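J.: model this:
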Amino acid sequence: MIEQVLTRHNATFRVKVTVKTLISLGIIALAVVLPQLVHLALGAPGGIQWLPMYLPILLGGCLLGWKWGLGVGILSPVVSFAITSLAGNPMPAAARLPYMIVELAVFATVSGLFSRSIAKNGWMAFPAVLLAQVAGRLTFLAIAAIFQSVSPLSAAVVWSQIQTGLLGMVLQAVIVPFAIMGLRLLLIKDKE
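T.: Purely as a prediction, here's the structure:
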């Protein structure tokens, strides 16, 4: 969506890269801070239930498209892990980090594939988010099933986490599309 807005304003390549970089940094920062706030308020179970890192990633995919979204999806858990490790409480946990990188990469890529459609029709944010959530969670479950013999995360544990996070997913399936539609209204002046 951002690409289409910048193109409409005849932005140069340099301006496009700068704007997308700044938005990406903001989303990564939000993906680091939001889980910290949720864990501070609700403890570790709050993170599993509300899935706070997922919300910025879904926003990033819808706004930035799949390429930049993929970068944000991969970097967010890595940056969060690096920063929180310095404080002695790595988040996500080291055992969960590879799974989260893959899952968030899928979230961002799938939602990002809808970015152009969202620029044309804001309501497309709903299928973008829903399909990204389903694809990401199924990927998480599949990877856990494949690697359960060498990982502390079994498919049963992951399935339990998916069930625990359903309320957070439903809430994000509503909040993210409406946030994207609001941003679209602010950024794209449809006079057609």
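
J.: counting neighbours, which bits of the longest helix along the chain end up buried?
T.: Ranked by number of residues, the top helix in the chain under DSSP state H is helix 54-86. Residues 54-66, 68-77, 79-81, 84 are the ones in helix 54-86 that count as buried (16 or more other CB atoms under 10 Å). (C-beta placed from N, C-alpha, C; glycine too.)

J.: what about the spatially most central residue of the chain, distance to residue 48?
T.: The centroid of the chain falls nearest to residue 57 when counting by CA atoms, centre = their mean (1.6 Å). In this view, residue 57 and residue 48 are 16 Å apart by CB to CB, to the nearest Å.

J.: with residue 128 instead?
T.: Residue 128 is 24 Å from residue 48, by CB to CB.

J.: which of the two has more neighbours?
T.: residue 128 (24 against 15; other CB atoms under 10 Å).

J.: now stretch 158-167: mean pLDDT?
T.: Averaging pLDDT along stretch 158-167 gives 94.

J.: this structure: strands as residue ranges?
T.: Counting by DSSP state E, no segments of the chain form strands.

J.: what is the least confident helix or strand in it?
T.: Ranked by mean pLDDT, DSSP states H and E, the weakest helix or strand in the chain is helix 44-50, scoring a mean of 88.

J.: now do that helix: which elements does it pack against?
T.: Applying 3 or more CB pairs under 8 Å, 6 or more residues apart in numbering; DSSP states H and E, one finds that helix 44-50 contacts helix 13-42, helix 155-164, helix 166-187.

J.: please redo it, this time with the cut-off set to 6 Å
T.: helix 13-42, helix 155-164 (3 or more CB pairs under 6 Å, 6 or more residues apart in numbering; DSSP states H and E).

J.: related to what we said a few turns ago, do you know how far the residue nearest to the centre of the chain is from residue 176?
T.: 10 Å.

J.: give me the contact list for stretch 153-167.
T.: The contact list for stretch 153-167 (CB atoms under 6 Å, 6 or more residues apart in numbering) reads 48-49, 51, 137, 140-141, 144-145, 148.

J.: hmm, try it at 10 Å
T.: 45, 47-51, 54, 93, 95-96, 98-99, 103, 133, 137-138, 140-148, 151, 169, 172 (CB atoms under 10 Å, 6 or more residues apart in numbering).

J.: of those residues, buried ones?
T.: In these, the ones that pass as buried (16+ other CB under 10 Å) are 47, 49-51, 54, 96, 99, 103, 133, 137, 140-141, 143-144, 151, 169, 172.
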